[in-house]
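In: Sequence first, then the predicted structure, then my questions.
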Amino acid sequence: MSRIAASLAVLLAGCCLAAALCGCGQEEKASPFLESERRIEGMYEECMTIEIDDPTGELPEVDTEEIKSLPKVDVDTVLVRSNGMAKQGVWSGVRLGDVLRHQGVEEPFVEIRLEAWDGYVAKIPYEMAMRPDTILAWEEDGAPIPEEQGPVRLVVGSEDGFYWVHRITRMEIAR
């Protein structure tokens with residue numbers, strides 16, 4: 001019986017030693033971010049420049065701060081989300097057509113493919129891209145758009161929300 005007790009004592013001591021060496025029982029340092037926040041860490045900074053791919057020329061990127069020097073417009077429209085919810089607002093920014101012309105994109109083109117930081121893609125035909133109510137917006141109702149949507153987002157007035165891309169990282173021109 002004492003042999004069994006001694007064996008159990010040795011086994012218990014070994015387990016305690018292993019646990020101590022593995023860090024078990026120690027408090028983990030709390031992260032300042034929630035798991036969902038960790039996924040978007042650095043996202044805003046990555047979206048400060050938007051890569052442009054145009055087969056007719058080299059247009060490596062557009063700086064979202066630079067486009068704010070172009071003529072600002074307001075678009076009063078309704079965002080209709082995929083779940084059917086609608087949100088009325090006044091969005092302020094610059095016409096997508098003005099940005100493309102400023103970057104030297106030659107017209108016309110077939111469509112523009114906008115890619116978001118999370119991989120979401122929307123394809124917009126030329127006619128829709130060049131409409132006056134298609135803008136890269138940085139404000140909604142006079143306030144900056146939320147950081148998790150920006151620094152700019154595409155607003156396509158009178159179109160469903162699946163065209164409204166936020167966190168844009170790339171635009172590809174299809175000819």
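Out: On my side now, so go ahead.
In: Tell me which helix or strand comes right after the helix or strand where Glu115 lies.
Out: Here Glu115, judged by DSSP states H and E, is contained in strand 111-116. As assigned by DSSP H and E, the chain's next helix or strand after strand 111-116 is strand 121-125.
In: residue ranges for the strands of the chain, please.
Out: Counting by DSSP state E, one finds strands in the chain at the ranges 49-53, 61-63, 73-80, 86-95, 111-116, 121-125, 134-140, 143-144, 153-156, 168-174.
In: Give me whichever of these is most buried.
Out: Highest mean neighbour count among the strands of the chain (mean count of other C-beta atoms under 10 Å): strand 153-156, with a mean of 24. From N, CA and C alone the C-beta is placed, and that goes for glycine too.
In: Pull the distance from that strand to the chain's centre.
Out: Chain-centre distance of strand 153-156: 13 Å, with C-alpha atoms, centre = their mean, to the nearest Å.
In: residues in contact with Val155?
Out: Taking C-beta atoms under 8 Å, 6 or more residues apart in numbering, we find Val155 in contact with 75, 77, 79, 91, 93, 133-137, 164.
In: Next: Tyr126.
Out: The neighbourhood of Tyr126, defined by C-beta under 8 Å, 6+ apart, consists of 107-112.
In: List the contacts of His166.
Out: Applying C-beta under 8 Å, 6+ apart, we find His166 in contact with 116, 145, 149-150, 153-154.
In: actually Ala122, not the one I wrote
Out: 113-114, 154, 162-165.
In: Let me have these in TSV, extended by pLDDT and distance to Glu46.
Out: Output for the contacts of Ala122, formatted as TSV (pLDDT from 0 to 100; distance: C-beta to C-beta, whole Å):
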residue	pLDDT	distance to Glu46
Arg113	97	18
Leu114	97	15
Leu154	97	17
Phe162	89	22
Tyr163	94	22
Trp164	95	19
Val165	95	15
